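**Student:** My questions are about this predicted structure, shown below with the sequence.
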Number of protein chains: 2
Amino acid sequence: MSKSPGRWRHHDTSNAFSLLAEQLGRRWALRVIWELRAGALTFRGLQAACGHISPSVLQARVHELVRIGVVEKIPRLGYRLSGSGEQLYLQLEPLGDWAAGNSQILRVRQE
Amino acid sequence: MSKSPGRWRHHDTSNAFSLLAEQLGRRWALRVIWELRAGALTFRGLQAACGHISPSVLQARVHELVRIGVVEKIPRLGYRLSGSGEQLYLQLEPLGDWAAGNSQILRVRQE
DNA sequence: ATGTCTCGCTATTATTTTCGTAGCAAGAGG
DNA sequence: CCTCTTGCTACGAAAATAATAGCGAGACAT
């Protein structure tokens, strides 16, 4: 992919989305953001909030989220959403509403 | 998990979201929904739209999305978003805006 | 100083998922 | 008959995830 600007006619929404989807389309990524919605959590607190997540995967996910600037590490409190991370969560919230509206389907078919 | 209603104090948003996140947090799941946004695509068309996705994974993802009622199969046209699938996409669209706004970060850090 | 917490995290091995490629059966059209 | 595209499956290799144990550092009390 070229780095030259103006290569994309209108917005780069489509390509940008696929990059984002690649990050969020990893196990626990969405969940981690979701669990940080109320505020900072320690590593182990986050681990507990997610239920059964192995620390190695949590470490990997958290690092990736830090790298894309969605999550930041704070000395004593652990991890929390960054500014853009909170914005991302706000865009994520409607998904929760959709999920609540379609929870029947999600629950029944999960097996 | 009990099937009894009223088991969740307020909404079941949180738990419902984690179920949804489990489905969307698989590789290509978000991307597939995204690529179907403009209308129906054949299996191979969808494969091409996603770039490099192996047919076995695409088949698995599409099946899962059909099972949760987000995508439906049409005899001649291939696959398209269902009613609730389109609603889900509408909730997904803001993510594209966020991604476009933060595309710098996403691009630079992807390595 | 010693013991005992919790913390963030790493190491290791087993299991699951995804990839990449090849190719099949069915249908359309010639 | 042939050729083409379709949806899709099979299979071995590679990568991601799971599960568990445990380490080193810091806080705190004794």
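**Tutor:** Received the coordinates, thanks. Remember, predicted model here, so these are calculated numbers, not experimental data. Residues are numbered from 1 along each chain as shown, chains lettered A, B, ... in the order given.

**Student:** Residues in contact with stretch A:99-106: which ones?
**Tutor:** For stretch A:99-106, the external contacting residues (CB atoms under 8 Å, 6 or more residues apart in numbering or on different chains) are B:His11, B:Asp12, B:Thr13, B:Asn15, B:Ala16, B:Phe17, B:Leu19, B:Leu20, B:Gln23, B:Ile68, B:Gly69, B:Ser84. Every C-beta, even on glycine, is put in place using the N, C-alpha and C of the backbone.

**Student:** So which of the residues you listed is the closest to DNA strand C?
**Tutor:** If you rank these by distance to DNA strand C using CB to the nearest atom of the strand, B:Gln23 comes first, at 10.5 Å.

**Student:** in chain A, what residue is nearest DNA strand C?
**Tutor:** For chain A, CB to the nearest atom of the strand, closest residue to DNA strand C: A:Thr42, 2.7 Å.

**Student:** Report the contact partners of that residue.
**Tutor:** Per CB under 8 Å, 6+ apart, neighbours of A:Thr42: A:Leu77, A:Gly78, A:Tyr79.

**Student:** What pLDDT is listed against the nearest residue to A:Tyr89 once chain neighbours are set aside?
**Tutor:** Among residues not flanking A:Tyr89 along the chain, A:Arg37 sits closest, at 5.4 Å (CB to CB, 6 or more residues apart in numbering or on different chains). On the pLDDT scale, A:Arg37 is placed at 96.

**Student:** shouldn't A:Arg37 be in contact with A:Leu81?
**Tutor:** Yes. Here A:Arg37 reaches A:Leu81: they are 7.3 Å apart, a contact under CB atoms under 8 Å.

**Student:** between the two, who's got more neighbours?
**Tutor:** A:Leu81 (21 against 17; other CB atoms under 10 Å in any protein chain shown).

**Student:** quick one: contacts for that one?
**Tutor:** A:Ile33, A:Leu36, A:Arg37, A:Val70, A:Val71, A:Glu72, A:Leu88, A:Tyr89 are the contacts of A:Leu81 under CB under 8 Å, 6+ apart.

**Student:** Okay, it and DNA strand D: tell me how far apart.
**Tutor:** Counting by CB to the nearest atom of the strand, to the nearest Å, the gap from A:Leu81 to DNA strand D is 20 Å.

**Student:** go on, A:Tyr79?
**Tutor:** Taken as CB to the nearest atom of the strand, the span from A:Tyr79 to DNA strand D is 16 Å.

**Student:** check which helix or strand covers that residue.
**Tutor:** strand A:78-81 (DSSP states H and E).

**Student:** List the buried residues of the biggest helix by length in chain A.
**Tutor:** Determined from DSSP state H, the single longest helix within chain A is helix A:83-101. Going by neighbour count (16 or more other CB atoms under 10 Å in any protein chain shown), the buried part of helix A:83-101 is A:84-85, A:87-89, A:91-92, A:94-96, A:98-100.
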